[in-house]
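Enquirer: predicted model and sequence below, questions to follow.
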Amino acid sequence: MESSMKIVTRLPLDELWTDGGAVQGTRSEGVGEDEIRMMLAQGPVQFVEANIGHRLRWVPLTDRFRYWKNDVRPRLVPS
């Protein structure tokens, strides 16, 4: 199947992809607010949103802080 036509069929994902094909990614356990803040402070963070039945949504790097503040942080569950 063409990568541009792929949709998310189950979570967690086995791989990440763009319209151009599979991309490298690292799965992490126990990522919370402190870890995400640290990653954002260290350099660009590429968020990707996966919802079953939809294509992956790659958040533009220019929107990463807005996405973190408005979409990710409010949904985190304290550990």
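Expert: Sure, I can see it. Just so you know, these numbers come straight off a predicted model, no measurement behind them.

Enquirer: for the most centrally placed residue in the chain, which residues are in contact?
Expert: Residue closest to the average C-alpha location in the chain (C-alpha atoms, centre = their mean): Val48, at 2.6 Å. Contacts for Val48 (C-beta atoms under 8 Å, 6 or more residues apart in numbering) come out as Leu16, Leu56, Arg57, Trp58, Val59. Where you see a C-beta, it was placed from the backbone N, CA and C, and this is true even at glycine.

Enquirer: would you list the phi and psi of the nearest residue to the third one once chain neighbours are set aside?
Expert: I take that to be Arg57. Closest residue to Arg57 apart from its sequence neighbours, by C-beta to C-beta, 6 or more residues apart in numbering: Glu49 at 4.1 Å. Note on Glu49: backbone dihedrals following degrees, to the nearest 10 are phi -110, psi 130.

Enquirer: so Glu49 is in contact with Val72, correct?
Expert: No. If you go by C-beta atoms under 8 Å, Glu49 and Val72 don't touch, sitting 9.2 Å apart.

Enquirer: which sections of this structure are below the confidence cut-off?
Expert: Along the chain, the parts satisfying pLDDT under 70 run over 1.

Enquirer: kindly list the longest helix within it.
Expert: Using DSSP state H to define each element, the chain has its longest helix at helix 33-42.
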